[in-house]
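[1] structure of the sequence below:
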Amino acid sequence: MESSSNISHGGRKNKGPPFKFLVPLIYAPVLPLIRIGFRRNPVLRDRLFTAVLAGGFLHGFYLVTDVYDVESK
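    Sure, this is the predicted structure:
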């Protein structure tokens, strides 16, 4: 019988890193760079910072709900 990891990935083994968990390594350094880079345009700076931060929270919410979904099965 196949293991649960093979079934969840369509019968193939997962050899690479889980990219959905590595995304914060990309957008976390972007937040201070937005603050520094858009100092002269505070309206755009605040809107862009809020959008990236909201995207980070949504991504975290997706990961948490995905984990709960996997554990319930």
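[2] who are the packing partners of the helix or strand hosting Val43?
    For Val43, the host element (DSSP states H and E) is helix 42-72. Judged by 3 or more CB pairs under 8 Å, 6 or more residues apart in numbering; DSSP states H and E, helix 42-72 is in contact with helix 19-22, helix 24-37. No exception for glycine: its C-beta is placed from N, CA and C like everyone else's.
[3] most tightly packed of these?
    helix 24-37 (a mean of 12; mean count of other CB atoms under 10 Å).
[4] list the contacts of that helix.
    Applying CB atoms under 8 Å, 6 or more residues apart in numbering, the contact partners of helix 24-37 are 45, 48-49, 52-53, 55-56, 59.
[5] and the angle for that helix with helix 42-72?
    Put simply, helix 24-37 runs at 170 degrees to helix 42-72, going by axes from the mean of the first three to the mean of the last three CA atoms, to 10 degrees.
[6] give me the low-pLDDT residue ranges for the chain?
    In the predicted model, the chain carries pLDDT under 70 at residues 1-14, 70-73.
[7] ok so, going back, tell me which of the helices and strands packed on helix 42-72 lies nearest to Val67.
    Nearest to Val67 among those is helix 19-22 (10.4 Å), distances taken as CB to CB.
[8] got the contact list for the closest one?
    59, 62-63, 66.
[9] 7 Å instead, please
    Leu63 (CB atoms under 7 Å, 6 or more residues apart in numbering).
[10] how far does it sit from its chain's centre?
    Its chain's average C-alpha position is 6 Å from that of helix 19-22, according to CA atoms, centre = their mean, to the nearest Å.
[11] and Pro29, how close does it get to Ile36?
    11 Å (CB to CB, to the nearest Å).
[12] show me the contact partners of stretch 57-71.
    By CB under 7 Å, 6+ apart, stretch 57-71 touches 20, 23.
[13] how about that stretch as PDB, C-alpha atoms only?
    Provided in PDB are the C-alpha atoms of stretch 57-71 (Å, rounded to 0.1, in the frame of the first residue of the first chain):
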ATOM      1  CA  PHE A  57      -1.200  37.500   6.700                       C
ATOM      2  CA  LEU A  58      -3.400  35.900   4.000                       C
ATOM      3  CA  HIS A  59      -0.500  33.500   3.100                       C
ATOM      4  CA  GLY A  60      -0.200  32.500   6.800                       C
ATOM      5  CA  PHE A  61      -3.900  32.000   7.100                       C
ATOM      6  CA  TYR A  62      -3.800  29.800   4.000                       C
ATOM      7  CA  LEU A  63      -1.000  27.700   5.500                       C
ATOM      8  CA  VAL A  64      -2.700  27.300   8.800                       C
ATOM      9  CA  THR A  65      -6.000  26.200   7.300                       C
ATOM     10  CA  ASP A  66      -4.200  23.900   4.900                       C
ATOM     11  CA  VAL A  67      -2.400  22.300   7.900                       C
ATOM     12  CA  TYR A  68      -5.700  21.800   9.700                       C
ATOM     13  CA  ASP A  69      -7.300  20.400   6.600                       C
ATOM     14  CA  VAL A  70      -4.500  17.800   6.200                       C
ATOM     15  CA  GLU A  71      -4.700  16.800   9.900                       C
END
